[in-house]
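> build the 3D model from these lines:
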Amino acid sequence: MRKILLAAALLATTPFAASAAETMSYTFVEGGWTQLQLDRNGADSKPKLDGGYLRGSFAIAEQVYVFGGYSMVSKTYTWDYYGYNGRLKQELRQPELGIGYHMPLTDRLDFTTDIAWLRINNEAKLSYDGEEVDRLKDHTNAGRATLGIRGKPSARTEAWLKAGYIDGSDMDGTWVGTLGGQVNFTQAWGLVGEVQAYDDVTQFSVGVRASF
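Numbering: from 1, shown residues only. The predicted structure is shown next:
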C-alpha cells in the first residue's frame with residue numbers, strides 16, 4: 001500500500017515539476033566575466049578590455065519587471081620610454097537601470113520590450129615609474145529601447161534575441177542587438193552567455209544566474 005501511495009504521489013507532482021521547469025522567471029540575479037571589444041573604424045588595433053559584471057531583474061507585476069546592472073572593464077598598456085616605465089590604464093564603468101514588459105506568445109515564447117538609462121564612464125590614467133602624471137575622464141549618458149523574444153527550446157535551455165536603438169549625449173544614435181542563452185543546472189541555477197553589439201563596440205558576457 002505504501003508503494004502504491006508513493007507512486008501516486010510522484011505521478012501527481014510530475015506535471016507540476018515539468019511546468020515549473022518550463023516557465024521563465026523575470027526575477028533573477030547574475031554575475032560573471034565580461035569583455036568589451038572596440039573596433040576603431042576597421043583599424044588593425046582592436047583593444048579588448050576585460051572585467052566583471054553584476055545585474056538583476058525583479059518582477060513588479062505579472063508582466064512588468066525592473067532591471068539594473070553594473071559592469072567594469074579595463075586594459076593596461078606598458079612601454080619603455082628612454083629608461084622610464086610608462087603605464088596607461090583605461091577603465092570603462094557602466095551602470096544601467098530600466099523597466100521592461102513581457103507578453104506570452106506561446107507556452108514557451110514571450111515577446112519582450114524594455115527601455116533603459118545607462119551611463120558610460122571612461123577614465124585613462126598615465127604614469128611613469130609608478131607616478132601618475134595625467135588623468136582623463138569623460139562620460140556619456142544614453143538611453144536604449146529594444147524589442148525582442150525570449151523562449152525555452154527545452155526544459156533546461158533558454159534563449160533570447162533583442163534589437164533596438166541607443167542614443168546618448170556624446171554619441172551618435174545607432175542600432176543595438178543582443179543575443180543570449182542559458183543552460184540550467186537546476187530549476188534555480190544556470191550558466192548564461194550573451195553578446196551585445198552596437199556601433200564599433202561588441203561586448204561578450206559569461207556568468208552564473210540564480211532565478212527565483
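
> switch to C-alpha atoms for all contacts and neighbour counts from now on
Noted.

> quick one, what contacts Ala59?
Taking Cα atoms under 8 Å, 6 or more residues apart in numbering, we find Ala59 in contact with 26-27, 65-66.

> how about a cut-off of 6 Å?
26-27, 65 (Cα atoms under 6 Å, 6 or more residues apart in numbering).

> of those, which belong to strands?
Judged by DSSP state E, the subset of those located in strands is Tyr65.

> quick one: which of the contacts of Ala59 is nearest to Glu158?
Tyr26 (12.5 Å; Cα to Cα).

> run a quick neighbour tally on the closest one.
If you count neighbours by other Cα atoms under 10 Å, Tyr26 ends up with 22.

> phi and psi next, for it.
Tyr26 adopts backbone torsions of phi -110, psi 20, taken as degrees, to the nearest 10.

> list the contacts for it?
Counted by Cα under 6 Å, 6+ apart, Tyr26 has contacts Ala59.

> now do Tyr77, the pLDDT please.
What the model reports for Tyr77 is a pLDDT of 91.

> test my guess that it contacts Gly86.
No: here Tyr77 does not reach Gly86: they are 8.1 Å apart, not a contact under Cα atoms under 6 Å.

> more crowded one of those two?
Gly86 (18 against 10).

> same question for that one, what's its three-state structure.
Three-state call for Gly86 (DSSP: H, G, I helix; E, B strand; the rest coil): strand.

> how close does it get to Val192?
In this view, Gly86 and Val192 are 38 Å apart by Cα to Cα, to the nearest Å.

> tell me which residues in stretch 38-58 are buried?
Judged by neighbour count using 16 or more other Cα atoms under 10 Å, the buried positions of stretch 38-58 are 38-39, 49-58.

> which other residues reach it?
Contacts with stretch 38-58, where a contact means Cα under 6 Å, 6+ apart, come from 27-37, 65-75, 200-201.

> restricted to buried residues, select those residues in PyMOL.
Applying 16+ other Cα under 10 Å to the contacts of stretch 38-58 leaves a buried subset, and the PyMOL line that selects it is:
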select buried, resi 27+28+29+30+31+32+33+34+35+36+37+65+66+67+68+69+70+71+72+73+74
